[in-house]
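Enquirer: quick one, structure for this:
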Amino acid sequence: MQTMRVRILARIHRLGHGKVFSAKDFLDIASRGTVDMALSGLTRSGAIRRVRRGLYDTPKVNPALGGELSPDIDEAARAIARRQQWKIVPAGAWAANLLGLSTQVPAKIIYLTDGPNKEVKIGRRTIHFKHARPKAMAGLEGKFALVVQALRHLGKDRVGLPVIEKLQAALSSVEKRKLVRDTRFGVEWIYEVAKKIAEQDG
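Expert: Numbers count the residues shown, from 1 in each chain. This next block holds a predicted model:
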């Protein structure tokens with residue numbers, strides 16, 4: 001048991017502060033019962049924090065105030081999705097916020113999912129998982145999906161040079177090429193924006 005606990009703690013350390021995880025993230029190391037016991041012990045010792053039932057993190061600390069920061073909402077959503085084996089994509093204003101295109105945290109944090117409609121409370125915030133048709137989720141993954149959702153939220157008239165420059169800095173060359181390729185047969189103005197984002201890479 002002690003060896004398993006050490007291995008679990010070592011993985012948590014590798015994940016780093018702010019990452020959210022559940023017992024399922026360690027089932028390749030030990031049985032569910034052993035993992036649950038280890039996480040419970042680490043929570044009691046203060047090594048990790050219980051975010052909600054079945055979810056944990058190693059909290060980040062505010063250097064100025066010395067206090068623990070609230071759980072990372074996007075990390076929590078992704079941990080829930082891994083546990084439930086859902087595919088998820090940040091949607092609307094939340095997608096724009098995650099990309100740094102908006103500094104305002106939306107009142108409603110929404111993720112499209114191939115799973116069921118569900119609301120999950122994390123601290124003072126609530127994550128809204130919204131079921132989307134399989135066709136709507138097809139091909140949506142990674143940064144590409146995040147950019148498309150953010151652009152749809154902003155709308156054609158709000159996507160100027162500052163937005164394009166931020167997205168150029170946020171995406172790798174591979175991601176830019178994928179964005180152009182995968183938006184080709186979608187909304188025309190989003191495809192035109194995708195080409196502008198990829199311009200600097202030729």
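Enquirer: relative to Ala76, how far out is the residue nearest to Ser102 when sequence neighbours are not counted?
Expert: Closest residue to Ser102 apart from its sequence neighbours, by Cβ to Cβ, 6 or more residues apart in numbering: Ala96 at 4.2 Å. (C-beta placed from N, C-alpha, C; glycine too.) Separation of Ala96 from Ala76 (Cβ to Cβ, to the nearest Å): 19 Å.
Enquirer: show me what the strand with the most length in the chain is packed up against.
Expert: Ordering each strand of the chain by length in residues (DSSP state E) puts strand 125-131 first. Secondary structure elements in contact with strand 125-131, counted by 3 or more Cβ pairs under 8 Å, 6 or more residues apart in numbering; DSSP states H and E, are helix 73-84, strand 109-113, strand 118-122.
Enquirer: in the lowest-mean-pLDDT helix or strand in the chain, what's buried?
Expert: None of the helices or strands of the chain scores lower by mean pLDDT, DSSP states H and E than helix 134-137, at a mean of 73. Going by neighbour count (16 or more other Cβ atoms under 10 Å), the buried part of helix 134-137 is Met137.
Enquirer: which stretches in the protein count as strands?
Expert: 20-21, 49-52, 55-57, 88-90, 109-113, 118-122, 125-131.
Enquirer: tell me the domain boundaries of this protein?
Expert: The chain is divided into the following domains under automatic domain parsing: 2-57, 85-201.
Enquirer: I'd like these laid out as JSON lines, including distance to Glu68.
Expert: Shown next, in JSON lines, are the domains of the chain (distance: least, Cβ to Cβ, whole Å):
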{"stretch": "domain 2-57", "distance to Glu68": "7"}
{"stretch": "domain 85-201", "distance to Glu68": "11"}
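Enquirer: looking at those domains, spot the one closest to Ala64.
Expert: Closest approach to Ala64 among the domains of the chain (Cβ to Cβ): domain 2-57, 16.0 Å.
Enquirer: if we can go back for a sec, just the pLDDT for the residue nearest to Ser102.
Expert: pLDDT recorded at Ala96 is 95.
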